[in-house]
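[1] Mind folding the following:
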Amino acid sequence: MPKKRQYHPELEQDLKAFLHELCDDWDFCAEIKVKDLLLNKYKTLTPKIFADTLIVAEGMNLKTAHHWQRRLKRRFVQRYGNEVNERIWKDWQ
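    Residues are numbered from 1 along each chain as shown. Now for the predicted structure:
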């Protein structure tokens, strides 16, 4: 689990803030709906699912965007660990 930081108590709001950070930092500003990432509140979101979703939303090819996939996965792990869902997030708070 990553170091404890002050994040939004609701996972959906924290993911919105995280997407905003990625937009500011790396211009990954495609309109991704957090609800699409969390279709089922208890389905686990992994770094790979998150990174692949952003890359596809930006119109990049998954087969050629390895550099971005690594960077996005690393940022996800730094913030959420190896997986996150509503239950994990609430337990972590």
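[2] what about the strands in the chain?
    For the chain, applying DSSP state E gives no strands.
[3] for the chain, what helix or strand is lowest in average pLDDT?
    Lowest on mean pLDDT, DSSP states H and E among the helices and strands of the chain sits helix 34-37, with a mean of 83.
[4] got the buried residues for that one?
    Neighbour counts using 16 or more other Cβ atoms under 10 Å place 34, 37 of helix 34-37 among the buried residues. (Glycine included, C-beta is placed from N, CA and C.)
[5] got the contact list for it?
    Residues outside helix 34-37 that contact it (Cβ atoms under 8 Å, 6 or more residues apart in numbering): 12, 15-16, 19, 45, 49-50, 53.
[6] which two in the residues you listed are spaced the farthest apart?
    The largest separation in the contacts of helix 34-37, counting by Cβ to Cβ, is between Lys16 and Ile49 at 16.9 Å.
[7] what stretches of this protein score poorly on pLDDT?
    1-6, 40-42 (pLDDT under 70).
[8] In it, what residue spans correspond to helices?
    11-26, 34-37, 47-57, 66-80, 86-92 (DSSP state H).
[9] Quick check: which of these is buried the most?
    The highest mean neighbour count among these, using mean count of other Cβ atoms under 10 Å, belongs to helix 47-57: a mean of 18.
[10] That one to helix 11-26, inter-axis angle?
    Interaxial angle of helix 47-57 relative to helix 11-26 (axes from the mean of the first three to the mean of the last three Cα atoms, to 10 degrees): 60 degrees.
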